[in-house]
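Trainee: model this:
(one chain, ligands or ions: 1)
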Amino acid sequence: MRIAMTRKIPAVALETLESSGADVVVWPEQLPPSPERLLEHVEGAEGILSTLNDKIDGSVLDKLPSVKVVSNFAVGYDNIDVDACTQRGIAVCITPDVLTDTTADFAFALLMSAARRVSESHQSIARGEWKTWEPLGYLGQDVYGATLGIVGMGRIGVAMAKRAAGFNMTVIYSDMYRNESAESELGVEHVEFDDLLSRSDFVSVHTPLTPETRGLFSTEQFKKMKPSSILINTARGPVVDTDALVEALKSGEIWGAGLDVTDPEPIPADHPLLSIDRAVVCPHIASASEVTRSRMAKLAADNVLAVLNGTTPPRCLNPEVLTRD
Ligand code: GLV
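Mentor: Numbers count the residues shown, from 1 in each chain. Here you go, the predicted model:
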């Protein structure tokens, strides 16, 4: 059984795969493979342990007839064409749950950092600009008691709402599905997206990237937000129109942003977004704690082995392929 890992991930993945007797090849470089080199690397493999950098669609799969499972080292899977996998009888697996709290911790860290200008004021000191305690310097937005609008009340949205409760925040959410348990257990209120935009002091994005959510935040939406509001995105960069966001921040349509994900990603160092003080931008690290990345690695490896061994993988998106002859 041949398994290709498209990046080095925490060691437990390789240990788990090799202990099953599989022949495992690991992409050796720091940067992900180009599409051409990805094909060469995974050729002949039955299992692919992929990352969100690998685009795996029908045209790629047509060149890889031996593949039985694509196991993404991520909860998001917009890099994989799941329908194309299902049509070819290929299982697609992901790593939910194990990263929920770590990701919500980071979303809340971005919220606080953007609101209270943590990163910006640190950089200002490092540039030698801070001369004395300032009555009028670095004034931010209060977090406690504010209204948090959560876009997408799934696992991470719920974890975010729980954190907000500790700050006496009012939490409203928009989602195409009602989350009634979150409503009854956490007292969150379901509202229309436009209401969420106009009522929220903080808007935090926790929706997957789909054709419907691509560009969900653009000029029109920023105009509906409060001038004191802050946008947090730990989901996927293309949910937000970056040019429109830069404009909204520059014109004061919104006050600030905390972004773990951007479009493009990586964002070039000379991108206008990075010259805006009130935008805190991080390199897609919301799930990046030592423990969580290891848990994700173990789950991703377990998913591959389960499919290849004919047992039920812990986290499969298209289990119908597993029961086919
Ligand atoms: C990270 O962005 C993930 O989807 O796990």
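Trainee: Number of residues surrounding residue 142?
Mentor: 11 (other C-beta atoms under 10 Å). Glycine gets a C-beta too; all of them are placed from N, C-alpha and C.
Trainee: Kindly confirm my reading that residue 156 is in a strand.
Mentor: No: according to DSSP: H, G, I helix; E, B strand; the rest coil, residue 156 belongs to no strand; its state is helix.
Trainee: quick one: pLDDT of it?
Mentor: pLDDT for residue 156: 98.
Trainee: surely it meets residue 98?
Mentor: No: using C-beta atoms under 8 Å, residue 156 makes no contact with residue 98, being 11.9 Å away.
Trainee: Contact residues of the stretch 1-150 of the chain facing the ligand?
Mentor: 52, 74-76, 99 (C-beta under 6 Å from any ligand atom).
Trainee: ok, residue 258 to residue 196 distance?
Mentor: Going from residue 258 to residue 196 by C-beta to C-beta, to the nearest Å gives 17 Å.
Trainee: Likewise for residue 51?
Mentor: Distance from residue 51 to residue 196, by C-beta to C-beta: 32 Å.
Trainee: and the longest helix for this structure?
Mentor: Secondary structure of the chain per DSSP state H: the longest helix is helix 290-308.
Trainee: who are the neighbours of that one, in terms of helices and strands?
Mentor: helix 12-19, strand 47-50, strand 69-72, strand 91-93 (3 or more C-beta pairs under 8 Å, 6 or more residues apart in numbering; DSSP states H and E).
Trainee: List the buried residues for that helix?
Mentor: Along helix 290-308, these residues count as buried under the neighbour rule (16 or more other C-beta atoms under 10 Å): 292-308.
Trainee: Then stretch 116-135?
Mentor: 116-121.
Trainee: quick one, which of residue 156 and residue 98 is more surrounded?
Mentor: For residue 156 and residue 98, the more surrounded residue by other C-beta under 10 Å is residue 156, and the numbers stand at 28 against 21.
Trainee: who touches that one in this structure?
Mentor: 75, 100, 103-104, 107, 206, 234 (C-beta atoms under 8 Å, 6 or more residues apart in numbering).
Trainee: And residue 258 and residue 196? Which one has more around it.
Mentor: The neighbour count for residue 258 versus residue 196, taken as other C-beta under 10 Å, is higher for residue 258 (28 against 24).
Trainee: domain ranges for the chain?
Mentor: Segmentation of the chain into domains, based on automatic domain parsing, reads 2-98+289-323, 100-281.
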